[in-house]
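K.L.:
Provided below are the primary sequence and the corresponding predicted coordinates.
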Amino acid sequence: MLIGILQTGHAPDPIQPDYGDYSDMFERLLGGQGFTFRTWNVVDMDFPTSTDAADGWLITGSRHGAYEDHPFIPPLEDTIRAIYASGKPMVGVCFGHQIIAQALGGRVEKFAGGWSVGRRAYDYKGAQIHLNAWHQDQVVERPADAETIASNDFCAHAALVYGDRVYTIQPHPEFGRGVIEGLIAHRSSTVPDDLVDAARAALPEPVAQDRIARDISEFFRKERRA
């Protein structure tokens, strides 16, 4: 199964020698599941010509806001709607979670409650899990077709499913300890010091990367009606 990765931003240059770009992180997360991958750097205006270019689609995180005025946002929303109409499975993470919701009728905003960074607890499908987060924006109104499957007191719509077509999640299952350390070092200048300190202190604690990797893989492979 070929997974098309729509890369909507780039990892900080200083961490790329060790961890690669965001597309590389997802290839590692989903490695060993029988998938192959191709990346389109949509943030740089590199778009697939057809939804048939891949069997399933994954939209990455980004430092950009879904509601901001960037050249890649309108064609990405058009691509999202085309994938949704095609019935091919689509996954979104962080910015991907947000831009899919926005494209399909939800609302995204810079959250008045501020930032969520580092290890956070979520009620996920009725169980508590921990994942690494790094965001201020979030989905504040979900699309009509979406069901919330994860939340916490800070983020009401931390994961959404749209029938068997779309699975999206706000925190970052692709971010392990090293990536969070890199973000603390290179992208935390606008994050309050107390949140950075708490994220640093939680670095040794486990996160449920394997659980979400399994759920994403099963979502992609699920049998769907033609």
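P.N.:
Sure, I can see it. Model, not experiment: these values are computed from the prediction.
K.L.:
quick one: pLDDT of the residue most central in space within the chain?
P.N.:
When Cα atoms, centre = their mean is applied to the chain, the residue found nearest the centroid is residue 93 (0.9 Å). At residue 93, the model reports a pLDDT of 98.
K.L.:
who's in contact with residue 78?
P.N.:
By Cβ atoms under 8 Å, 6 or more residues apart in numbering, no residues touch residue 78. For the C-beta atoms, the positions are set from N, CA and C on the backbone; glycine is no exception.
K.L.:
at 10 Å what do you get?
P.N.:
Residue 78 sits next to 47, 103 when contact means Cβ atoms under 10 Å, 6 or more residues apart in numbering.
K.L.:
for it, report the pLDDT, please.
P.N.:
In this prediction, residue 78 carries a pLDDT score of 98.
K.L.:
which parts of this structure are helices?
P.N.:
Using DSSP state H, the helices of the chain run over 16-19, 22-29, 73-86, 95-103, 177-186, 193-201, 209-221.
K.L.:
quick one: contacts for residue 166?
P.N.:
Applying Cβ under 10 Å, 6+ apart, one finds that residue 166 lies in contact with 57, 80, 83-84, 88-92, 97, 100-101, 104, 143, 145-146, 160, 219.
K.L.:
ok, what's across the strand from it?
P.N.:
Here residue 166 sits in beta bridges with residue 90, residue 162, as judged by DSSP bridges.
K.L.:
how near is it to residue 59?
P.N.:
Distance, residue 166 to residue 59, by Cβ to Cβ, to the nearest Å: 10 Å.
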